[in-house]
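Novice: Generate a structure from the sequence data that follows.
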Amino acid sequence: MINQLFTLSTILERLRQGPLSEHLDAYAAAVAEQGYMRHSIRRQIVAIADFSWWLRQQHIELQDLDSRILDRFLRLRRRQQRLGRGDSKTLQRMLALLREMGVVKCQPAVPHTARSKIIAEFQGYLSQDLGPVPFDT
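Specialist: Predicted coordinates:
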């Protein structure tokens, strides 16, 4: 699927680096099936490839990937002013796909208390403008 979106071998080589590279085709197929346009899928694949490259540089194994590591990367990108519109959602979708595939372990369920519900709703509200906001509960 990726070979249909990107034709230059140098770009394909760059995209195919890091621990997420073998899952790019599955992601692209999944979002194409959901109706995303070609240019949107290309942008999402580049964001995932950047994350994959960072994971490799940080020596983070795929099986260790979780939302905290994802949040760490997103905070870094935000500080560098390199966080693109939709990158946060893209990477969250990729993490969800990896969990569905059994590549990454699911996070334990958090007990639903009134406090955790309020915090989750507030995080959702803030993430509409700022991206994911880490809160320790």
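Novice: residue ranges of the helices in the protein, please?
Specialist: Remark: helices assigned in the chain by DSSP state H are 2-5, 9-15, 24-33, 38-57, 67-79, 87-101, 114-130.
Novice: helices and strands around the fifth one, which ones?
Specialist: Read it as helix 67-79. On a contact count with 3 or more CB pairs under 8 Å, 6 or more residues apart in numbering; DSSP states H and E, helix 67-79 meets helix 38-57, helix 87-101. C-betas here are computed from N, CA, C, even on glycine.
Novice: now swap in the longest one and tell me
Specialist: In terms of contacts (3+ CB pairs under 8 Å, 6+ apart), helix 38-57 is packed against helix 2-5, helix 9-15, helix 24-33, helix 67-79, helix 87-101.
Novice: Report the angle between that helix and helix 67-79.
Specialist: Angle, helix 38-57 to helix 67-79, by axes from the mean of the first three to the mean of the last three CA atoms, to 10 degrees: 110 degrees.
Novice: one step back: dump the helices and strands packed on helix 67-79 to TSV, plus distance to residue 6.
Specialist: Formatted as TSV, the helices and strands packed on helix 67-79 follow (distance: least, CB to CB, whole Å):
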stretch	distance to residue 6
helix 38-57	7
helix 87-101	16
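Novice: Confidence-wise, which of the helices and strands packed on helix 38-57 is weakest overall?
Specialist: For those, mean pLDDT drops lowest on helix 2-5, to a mean of 74.
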